[in-house]
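> sequence and computational prediction follow.
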Amino acid sequence: MAQRAGSADLPLHNGRVPAWLGQRMSRLGAVIAQAIVHHYGRDEFLRRLAHPYWFQSFGAVMGMDWHSSGITTSVIGALKRGLTPLAGELGLHVCGGRGSHSRQTPAELVAVGDRIGFDGAALAKASRLVAKVDSAAVQDGFELYLHGFVVGDDGKWTVIQQGMNGDSGVARRYHWLSEGLDSFVDSPHAAIDGRSQGNIVNLADRRAAPSRAGQLDLLRHLGPDRIAEEVAALEGRVAPLETFEQPTLPHLVMPGHHDVRPKDVMIRRLHGALAAAADAGPEDFTDLLLVPGVGARTVRSLAMVAEVIHGTPCRFADPARFSLAHGGKDRQPFAVPTKVYDETIRVMKSAVERAKLGNEERLEAIRRMDAETRRLERFASGPSLPAYIAEERRRSHEYGGRSVFGWEQAPEEADATDEAPVRPNRR
């Protein structure tokens, strides 16, 4: 019925996504979803959402803070806004969200089920059970505050939910996928992993079946009042509940620092993307995609978007790398290059629209660029990460750089660096 697919620990951040970025995230998220469904099918998109590393990279390439808890809220919100108008085309529906929106998930699922024809009531029950398992059956110190439920017309689904631990300043994201086991309470999780938060109570483990049966037996034969008396009689000498070692599922732990550091990025993969972009454009890429006006900077972003669409799970171990496509709203690693962002959306949207009409040339060009990135990363070299970021910041005003602090200004001549433009090399 449901299987936990992975989890992630993220620094807990406050704040809102500004409208100018949220609107772009919705458009780019929707067109990436369209491309994935076109190439690999709807089930594959649900599997991608259930993978914590891919989900974080997906949010980072859309310009959200690359390491923070806010990626979860913003990506779910962006997909809900962006995919709702495409529900008839893609057969995907995004329900729930943060806070009060999460509590509306069961009603939304029933409404979608009535409209599409699947058992919405059964999915509403699944929604409540998933939330209960991660908040009550598994007690790991995190209080749920976000619940997003993405369901296809065929009833297959992915759940992304997030809890917070205010004392530690950490959020934990849980990913579920409706493939695998047939029980919510008998080892639905392939693993539970994370930084130590003390003893974890896991009554959803198969080995906890005697404990679950014992609890039911106590309720039947003693009643709640007698149980309370027995607990009081123990005078605090209750043996700690058993914890279980389990096999490891994908578990992402993001660092507390906000800036993107060399250790956060697999530099050879960045160099591969830069080399593939240099080979493709701007002139060659314009001819390839038949889209006039696409510049070299946009091609670099498209190379990273192409990897989000076509990359295998092992390619997303460094989500920070994908923030180098469109920056971040807090100016980390650099301000969002709005001109580049809009051009990326335009190219992707044009490619998807043409593919719907049977012209695959542009989407195939983007796929080939991803393949070229993987080929070139074996021997390409290029700038260091600090040099790359410094050059991006120096030219940020040219790209329409914008953050929550405002528009980027042109640097003073006296402050301009003498660094050469970012160009990859071959060994």
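Arrived safely.
> heading C-terminal from the helix or strand harbouring residue 88, find the next helix or strand.
Using DSSP states H and E, residue 88 sits in helix 87-90. Going down the chain from helix 87-90, the next helix or strand is strand 92-98, by DSSP H and E.
> for that following strand, name the packing helices and strands.
helix 70-83, helix 105-116, strand 143-152 (3 or more Cβ pairs under 8 Å, 6 or more residues apart in numbering; DSSP states H and E). Using the backbone N, CA and C atoms, a C-beta is placed for each residue, glycine as well.
> just want the angle from it to strand 143-152.
Taking axes from the mean of the first three to the mean of the last three Cα atoms, to 10 degrees, one finds strand 92-98 and strand 143-152 inclined to each other by 170 degrees.
> so what are the sheet partners of strand 92-98 and their directions?
Using DSSP bridges, strand 92-98 pairs in its sheet with strand 143-152 (antiparallel).
> average model confidence for whatever helix or strand comes next after the partner strand?
Going down the chain from strand 143-152, the next helix or strand is strand 157-165, by DSSP H and E. Averaging pLDDT along strand 157-165 yields 92.
> also stretch 352-366?
On average, stretch 352-366 scores 91.
> could I get the buried residue list for that stretch?
352, 354-355, 362-363, 365-366 (16 or more other Cβ atoms under 10 Å).
> and that stretch, end to end?
11 Å (Cα to Cα, to the nearest Å).
> please apply the same query to stretch 256-272.
Taking Cα to Cα, stretch 256-272 runs 28 Å from one end to the other.
> give me the neighbour count for residue 270.
Residue 270 has 25 neighbours, counted by other Cβ atoms under 10 Å.
> circling back: residues of the helix holding residue 88 that come out buried?
Applying a neighbour-count criterion of 16+ other Cβ under 10 Å, the buried positions in helix 87-90 are residue 90.
> repeat for stretch 100-118
Buried residues in stretch 100-118, counted by 16+ other Cβ under 10 Å: 101-102, 105-106, 108-110, 112-113, 116, 118.
> show me what it is in contact with.
Applying Cβ atoms under 8 Å, 6 or more residues apart in numbering, the external contacts of stretch 100-118 come out as 93, 95-97, 119-121, 123-125, 127-128, 131, 144-149, 151, 153-155, 161.
> swap in 10 Å and give it another go.
Stretch 100-118 has contacts (Cβ atoms under 10 Å, 6 or more residues apart in numbering) with 73, 76-77, 80, 87-88, 91, 93-97, 119-128, 130-131, 144-149, 151-157, 159, 161-162.
> that older thread, now render the buried residues of stretch 352-366 as TSV, adding secondary structure.
Formatted as TSV, the buried residues of stretch 352-366 follow (DSSP: H, G, I helix; E, B strand; the rest coil):
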residue	secondary structure
352	helix
354	helix
355	helix
362	helix
363	helix
365	helix
366	helix
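> can you list the helices and strands packed on strand 92-98 in TSV and add mean pLDDT and distance to residue 304?
Output for the helices and strands packed on strand 92-98, formatted as TSV (pLDDT from 0 to 100; distance: least, Cβ to Cβ, whole Å):
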stretch	mean pLDDT	distance to residue 304
helix 70-83	96	16
helix 105-116	96	32
strand 143-152	95	23
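> redo these as JSON lines? Include distance to residue 262.
Formatted as JSON lines, the helices and strands packed on strand 92-98 follow (distance: least, Cβ to Cβ, whole Å):
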{"stretch": "helix 70-83", "distance to residue 262": "21"}
{"stretch": "helix 105-116", "distance to residue 262": "41"}
{"stretch": "strand 143-152", "distance to residue 262": "32"}
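> tell me how far the most centrally placed residue in the chain lies from residue 356.
Closest to where the C-alpha atoms of the chain average out (Cα atoms, centre = their mean) is residue 55, at 2.1 Å. Look at residue 55 and residue 356: by Cβ to Cβ, to the nearest Å, they are 26 Å apart.
> cool, residue 89 as well?
9 Å.
> which residues do these two both contact?
residue 34.
> so which of the helices and strands packed on strand 92-98 is nearest residue 376?
For those, proximity to residue 376 was assessed by Cβ to Cβ; helix 70-83 is nearest, at 28.6 Å.
> for the helix holding residue 88, give me every contacting residue.
Contacts of helix 87-90 (Cβ under 10 Å, 6+ apart): 30, 33-34, 36-38, 42, 45, 83, 93-94, 112, 115-116, 152-153, 356.
> let's see stretch 311-330 as PDB, backbone CA atoms only.
The C-alpha trace of stretch 311-330 is given here as PDB (Å, rounded to 0.1, in the frame of the first residue of the first chain):
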ATOM      1  CA  GLY A 311      19.700  12.400 -14.400                       C
ATOM      2  CA  THR A 312      19.800   9.100 -12.500                       C
ATOM      3  CA  PRO A 313      19.400   9.100  -8.700                       C
ATOM      4  CA  CYS A 314      23.200   9.000  -8.100                       C
ATOM      5  CA  ARG A 315      23.600  12.300  -9.900                       C
ATOM      6  CA  PHE A 316      21.900  14.300  -7.100                       C
ATOM      7  CA  ALA A 317      24.200  13.700  -4.100                       C
ATOM      8  CA  ASP A 318      25.200  17.400  -4.200                       C
ATOM      9  CA  PRO A 319      22.000  19.500  -4.500                       C
ATOM     10  CA  ALA A 320      24.000  22.700  -4.000                       C
ATOM     11  CA  ARG A 321      25.300  22.300  -7.500                       C
ATOM     12  CA  PHE A 322      21.900  22.900  -9.000                       C
ATOM     13  CA  SER A 323      21.700  26.300  -7.200                       C
ATOM     14  CA  LEU A 324      24.300  27.500  -9.700                       C
ATOM     15  CA  ALA A 325      21.600  27.400 -12.400                       C
ATOM     16  CA  HIS A 326      19.300  30.200 -11.000                       C
ATOM     17  CA  GLY A 327      20.900  31.300  -7.700                       C
ATOM     18  CA  GLY A 328      18.800  31.800  -4.600                       C
ATOM     19  CA  LYS A 329      16.300  34.400  -3.200                       C
ATOM     20  CA  ASP A 330      18.700  35.200  -0.300                       C
END
